[in-house]
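Asker: Okay, predicted coordinates and the sequence, questions at the end:
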Amino acid sequence: MLKVLVPVNGSKHALDAVRHAAFMYRDKCVSDIVLLNVQEPLEAGRAAAFHRLDALRRLEARDGEAALQEARRILEDAGTPYVAQVKVGDIARTIADTAAANDCDAIVMGTAARSPMGALFAGHLSNRLLRLSRVPVTLVR
C-alpha cells in the first residue's frame, strides 16, 4: 500500500485532497498519510526588522497548526491515522523534500483556486513540484 503526503494550506481545495486521501485509506489503497503545512519564512519580509527569529518561528508554527486544524478533524472523523508536520521554507522544494524524507510513494494535493490569479499561482506551484518531486503527484479537483 501507499504512503502519501498531503500538503495542506487550509483552503477548500487542500481539504478536498485530504478527503480524497481519507477515501483512499478507507478503500485500503493507502496505508499512511503525512499532512504537511509549509510556511514561507517570515524573515524574508519586513517582519524580521521588528521581531526576533524565535518569535517569527513561533508565529509560523502557530499559523501552520491553524492551517492543519480542519484537515486533522477530517481525518480523525474518518478514523484515519496520520502524522502532521509544519515546516518552513520554499513551498514546492519543502513538499518534495518532505515526501522524500518520509519515504512517501505519492503526493496528493488540491488543484488551483478558480480565480485567474489563484490558478496561475497554484499552477506554478504544481508545475514546480512536478519537476522537483521524485514521486507521482496527484491533483484533486
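Answerer: Cool, got the structure.
Asker: quick one: average pLDDT of the stretch of helix or strand Asp63 belongs to?
Answerer: Element membership for Asp63 (DSSP states H and E) is helix 53-77. Per-residue pLDDT values across helix 53-77 average out to 93.
Asker: who touches it?
Answerer: 6, 8-10, 14-15, 18-19, 21-22, 33, 35, 37-39, 41-43, 47-48, 51, 81-82, 84, 86-88 (Cβ atoms under 8 Å, 6 or more residues apart in numbering). Where you see a C-beta, it was placed from the backbone N, CA and C, and this is true even at glycine.
Asker: Strands of this structure, residue ranges please.
Answerer: For the chain, applying DSSP state E gives strands covering 2-7, 30-39, 83-88, 106-110, 137-140.
Asker: Which strands or helices does the longest one pack on?
Answerer: In terms of contacts (3 or more Cβ pairs under 8 Å, 6 or more residues apart in numbering; DSSP states H and E), strand 30-39 is packed against strand 2-7, helix 12-26, helix 53-77, strand 83-88, helix 91-101.
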